[in-house]
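> Task: produce atomic coordinates for the following.
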Amino acid sequence: MTGRYVERFLRYLEIEKNYSPHTLLNYRLDLHDFADFSGGIEPGDIGYLEVRKYLAALKEKKLTSRSVARRLSCLRSFFNFLCREGLVKSNPVAGVSTPRLDRHLPEFLTEEEITRLFDSAAAFSAQERIRLRDKAILEVFYSTGMRISELCGLKLPAVDFIGGIVKVFGKGRKERIVPIGEPALRAINDYLLKRGSGSDSVFLNFRGGPITTRGVRMVVDRYFRLAGMKKGISPHTLRHSFATHLLNRGADLRSVQELLGHANLSTTQIYTHLTTERLKAVYDKAHPRA
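Alright, predicted model coming up:
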């Protein structure tokens, strides 16, 4: 599969669709993987059977249904693009059905576990600048529900300390305004006072450069361990906890969708299945024979 077609498609996604660098990298890897499998066949010569053989090979590799579905979606978008550009006559992926996805409920922390997590950060013995930075990272995650990439890219001009809001640049470079709580603002301010100026990035690494996603994961993992949390949770767990706790305390689904930056309400709806406490409370209050 000719590389120039792939590069043309990726430029289209970057310029016209505003896809994030992370998504573009995944698309590039998926398309190169398919090209390696197909042995360099030109896109116009690829048919339905070649796509089915590729999916069978992915199944043999024990890839999850979600990974297979992602690669299939990438190929479908790629060939749709080639069809629109008049580079191929038909889309060989059009008749291929997407694998049924298992619906995994995201992990989240209880409010008591969140308190324990912040207590572990306060008690951690480290250089004060690092301790204050780590505490601010945890506070911002839980206060805003932002993604790890959004937190790493957070700039000082985007934080309104007086208005209590933060400007977040999400997937597809979409901008949204999110409220941020007083404890998180105070934690950021404490860190900045100790850190000093010199960079417009909010969170810095040991060398004074913007912190990376890997660095943030190491920070969060450290405090999860110190707080005695179970394995298998990640920085994204704080985002899940943010959404779950808002819904449990009465926030409406549309508002949570806006705060999380979800394009579709169906993505946000998974959080309604995380706990039954709120549903039971509504039932007990509303049903005449509860």
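
> hey, let's count contacts and neighbours off CA atoms from now on
Noted.

> would you list every one of the helices in the stretch 101-250 of the chain?
With helices called from DSSP state H, counting those that start in this stretch, the stretch 101-250 of the chain shows them at 111-123, 128-144, 148-152, 182-195, 213-226, 235-248.

> residues near Glu60, how many?
Other residues near Glu60 come to 9 when the count uses other Cα atoms under 10 Å.

> Would you mind confirming that Ser201 makes contact with Leu156?
Yes: contact criterion Cα atoms under 8 Å: Ser201 and Leu156 qualify, at 5.9 Å.

> Arg129 touches Tyr191, doesn't it?
Yes: the pair Arg129 / Tyr191 is scored as a contact, 6.5 Å apart, by Cα under 8 Å.

> Out of the two, name the residue with the larger neighbour count.
Tyr191 (23 against 16).

> Model confidence at that one, what's the number?
Note for Tyr191: predicted pLDDT of 94.

> Ok, Lys230 next?
So, for Lys230, pLDDT stands at 70.

> likewise Glu107?
pLDDT, Glu107: 81.

> so what's it up against?
Under the criterion of Cα atoms under 8 Å, 6 or more residues apart in numbering, the neighbours of Glu107 are Ile233, Thr237, His240, Ser241.

> which of those has the most neighbours?
Of all the contacts of Glu107, Ser241 has the most neighbours under the rule other Cα under 10 Å, reaching 23 neighbours.

> so that residue touches Ser143, yeah?
No: Ser241 lies out of contact with Ser143 (Cα under 8 Å); the separation is 10.0 Å.

> What does the pLDDT read for Asp252?
Looking at Asp252, its pLDDT stands at 89.

> do Ser120 as well
With respect to pLDDT, Ser120 scores 82.

> what would the contacts of Glu107 look like in CSV with pLDDT?
Formatted as CSV, the contacts of Glu107 follow (pLDDT from 0 to 100):
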residue, pLDDT
Ile233, 77
Thr237, 89
His240, 91
Ser241, 92
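
> And the residues you listed, which is closest to Ser197?
Nearest to Ser197 among these, counting by Cα to Cα, is Thr237 at 30.7 Å.

> Run a quick neighbour tally on Asn80.
By other Cα under 10 Å, the residues close to Asn80 number 18.

> ok, and the closest non-adjacent residue to it?
Sequence neighbours aside, Asn91 is the residue nearest to Asn80 in space, at 6.2 Å (criterion: Cα to Cα, 6 or more residues apart in numbering).

> which residues sit in contact with Ser90?
Residues near Ser90 by Cα under 8 Å, 6+ apart: Phe79, Cys83.

> Next, it: phi, psi?
Main-chain torsions, Ser90, degrees, to the nearest 10: phi -150, psi 160.

> picking up where we left off before, which of the helices of the stretch 101-250 of the chain sits closest to Pro21?
Distance to Pro21, taken as Cα to Cα, is lowest for helix 148-152 among the helices of the stretch 101-250 of the chain, at 10.4 Å.

> Distance from that closest one to the middle of the chain?
Distance, stretch centre to chain centre, for helix 148-152: 9 Å (Cα atoms, centre = their mean, to the nearest Å).

> could you pull out the strands for the chain?
With strands called from DSSP state E, the chain shows them at 159-160, 165-169, 175-179.

> What is the second one packed up against?
Taking 3 or more Cα pairs under 8 Å, 6 or more residues apart in numbering; DSSP states H and E as contact, the helices and strands that strand 165-169 lies on are strand 159-160, strand 175-179.

> Equivalent analysis for the first one, please.
If you count contacts as 3+ Cα pairs under 8 Å, 6+ apart, strand 159-160 packs onto strand 165-169.
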